[in-house]
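Engineer: Sequence plus the predicted model coming up.
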Amino acid sequence: MLNRIFTEYQLSLAEKVLANQRISINEALNLFHDFSLSQLSFLSSERKRQVSGLKIYFNRNIHVEPTNICVYQCRFCSYRAMSSDDSYIYTADDIISRIEKVESDITEVHITGGVHPEWGIKYFSELIAKIHSRFPKLHIKAFTAVEIEYMCMVDGISHSDGLKALMQSGLKSLPGGGAEIFDEEIRLKISPEKSSGKIWLDIHKIAHELGMKTTATMLYGHVENYEQRVKHMYELRALQDETGGFQAFIPLKFRRANNPMSDVEEVSLMEDLKNYSVSRIFLDNFPHLKAYWPAIGKNSAQMSLLFGVDDLDGTINDSTSIYSRAGAEQSPQMNSADMIQLIHDAGYSAVERNSLYETIREYRKDEE
Ligand code: V47
Ligand code: SF4
């Protein structure tokens, strides 16, 4: 049958993928350049099936963005305040009252935002401690490696000591933002002042060694090429071999509204789906591939389930503006019933998970 789907030239790589063998950087580039979308769907769905069967995970969460004031000026960012007139700051009490509104519906709060010039580890440890003592059962996933680096610098302490202090206050895991593209030349073009890819990887390595789980992202579809994407994933795969601390990979599609890179065309849905597929196949040691639907829309996220994705983030409750300001979904929210329906309609069973991917409840498609 395989020789009806693949050409003679493609067959050995397809067989390698189906046998669950690791592929090289060049082979990943082959997949990007020489395989059709339906062939990639077939291969990545098979890889997904070997890991998650017919399950698609989702979680109930909100995002909190404590401020849009930021010391950096990433060129793709539509979120940071351009002047003091459009800036905001949420105090700990503001954050707590936002969480109180949805507390009974969620298991996780995801906190990340602008890099405030004056807030260090001490400030954020107190913030996390207050949230944790008010909501002891909520999993607090907070701060990109870029934010961690800056807050450690403000207080003059090592990354390891900074992470330990935050963990003592109640921080449970790190999100994967700030990774962008590790390639130095591209990083210099899109986020010139931001810390290097090496520092991002180092901070995640320390977090893993301290026993925290983290996620990893890749900002794609702007001025990078396939090789730079695959090399980014190669660095992640190598660190995952060492530590096993990454739970999921989240490709983030560049959205162009209201930012200094608005002249760069956004890539097509076909390109998004291709990217999900190759990620699933190349990152053979990452258990989960997540689609962040507020960035790409519900329909595209549903489609991504046929291209290796096994995880959808999340119910959200209209709590993030990073993507709505960049031209994506305007009031992102789904309740659990919407999420389950979306997954069932794609032909899968829906599994509500907690932040460590333990099952809370499975909604099987055949019990609908
Ligand atoms: O680091 C900002 C990206 C990230 C744009 O870890 C943009 O589970 C596209 O990291 N177009 C923050 N992307 C969000 C993030 C995230 C989201 C959901 C889940 C997880 C997780 C992490 O958003 C930033 C940057 O890479 N970003 N602006 C834009 N215009
Ligand atoms: Fe700041 Fe994050 Fe925007 Fe970069 S992407 S300017 S670090 S808020």
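Structural biologist: In hand now; what should we look at? Numbering: from 1, shown residues only. Ligands and ions are numbered 1, 2, ... in the order given.

Engineer: tally of neighbours for the residue of the stretch 201-350 of the chain found nearest ligand 2?
Structural biologist: Residue nearest to ligand 2 within the stretch 201-350 of the chain: residue 322 (7.7 Å; CB to the nearest ligand atom). For every residue, glycine as well, the C-beta is placed using N, CA and C. When neighbours are defined as other CB atoms under 10 Å, residue 322 has 23 of them.

Engineer: Just the residues contacting the longest helix along the chain, thanks.
Structural biologist: When the chain is parsed with DSSP state H, its longest helix is helix 226-243. Contact with helix 226-243 is made by 25, 28-29, 32-33, 179, 181-183, 186, 197, 201, 204-205, 208-209, 216, 218, 220, 246, 249, 275, 278-279, 282-286, as judged by CB atoms under 8 Å, 6 or more residues apart in numbering.

Engineer: Taking their axis directions, the very next helix or strand once past it and helix 226-243 sit at what angle?
Structural biologist: Next helix or strand after helix 226-243 toward the C-terminus (DSSP states H and E): strand 246-253. On the basis of axes from the mean of the first three to the mean of the last three CA atoms, to 10 degrees, strand 246-253 is oriented at 170 degrees to helix 226-243.

Engineer: In PyMOL, how would I select the buried members of the contacts of helix 226-243?
Structural biologist: Buried members of the contacts of helix 226-243, defined by 16 or more other CB atoms under 10 Å, are picked up in PyMOL with:
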select buried, resi 28+29+32+179+181+182+183+186+197+201+204+205+208+216+218+220+246+249+275+278+279+282+283+284+286
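
Engineer: was I right about residue 37 contacting residue 272?
Structural biologist: No. In this structure, residue 37 is not within contact of residue 272 by CB atoms under 8 Å, at 10.6 Å.

Engineer: which one of those two has more residues nearby?
Structural biologist: With neighbours defined as other CB under 10 Å, residue 37 and residue 272 compare such that residue 272 has more, 23 against 15.

Engineer: before we move on, which element is that one in?
Structural biologist: For residue 272, the element it lies in under DSSP H and E is helix 269-282.

Engineer: any bit of the following helix or strand past that helix sitting next to ligand 1?
Structural biologist: Next along the chain after helix 269-282, taking DSSP H and E as the criterion, comes strand 288-292. Yes. Residues of strand 288-292 contacting ligand 1 under CB under 6 Å from any ligand atom: residue 292.

Engineer: same for strand 288-292, what does it pack against?
Structural biologist: helix 37-52, strand 246-253, helix 269-282, helix 298-304, strand 311-313 (3 or more CB pairs under 8 Å, 6 or more residues apart in numbering; DSSP states H and E).

Engineer: now with 7 Å?
Structural biologist: Other helices and strands packing on strand 288-292, by 3 or more CB pairs under 7 Å, 6 or more residues apart in numbering; DSSP states H and E, are strand 246-253, helix 269-282, strand 311-313.

Engineer: Tell me where the chain is predicted with low confidence.
Structural biologist: 318-321, 367-368 (pLDDT under 70).

Engineer: how about the strands of it, start to end?
Structural biologist: 55-58, 61-64, 108-111, 139-142, 173-174, 213-220, 246-253, 288-292, 311-313, 349-353, 359-363 (DSSP state E).

Engineer: Put together a markdown table for these, with distance to residue 233 on each row.
Structural biologist: Formatted as a markdown table, the strands of the chain follow (distance: least, CB to CB, whole Å):
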| stretch | distance to residue 233 |
| --- | --- |
| strand 55-58 | 21 |
| strand 61-64 | 25 |
| strand 108-111 | 23 |
| strand 139-142 | 22 |
| strand 173-174 | 19 |
| strand 213-220 | 7 |
| strand 246-253 | 8 |
| strand 288-292 | 11 |
| strand 311-313 | 17 |
| strand 349-353 | 23 |
| strand 359-363 | 28 |
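
Engineer: just so I know, which of the ones you listed lies nearest residue 11?
Structural biologist: strand 288-292 (24.8 Å; CB to CB).

Engineer: What residues of the closest one count as buried?
Structural biologist: 288-292.

Engineer: Can you tell me how far the residue minimising distance to the centre of the chain is from residue 177?
Structural biologist: The chain has residue 250 as the residue nearest its centroid, 3.4 Å off, counting by CA atoms, centre = their mean. To residue 177, residue 250 is 9 Å away according to CB to CB, to the nearest Å.

Engineer: just residue 15 next, same as before
Structural biologist: 36 Å.

Engineer: who's more crowded, those two?
Structural biologist: residue 177 (22 against 12).

Engineer: Could you find the closest non-adjacent residue to that one?
Structural biologist: Spatial nearest neighbour of residue 177, chain neighbours left out: residue 144 (3.9 Å); criterion: CB to CB, 6 or more residues apart in numbering.

Engineer: do residue 191 as well
Structural biologist: residue 74 (3.9 Å).

Engineer: in terms of contact, does that neighbour touch residue 193 like I think?
Structural biologist: No. Taking contacts as CB atoms under 7 Å, residue 74 lies outside contact range of residue 193: 8.3 Å.
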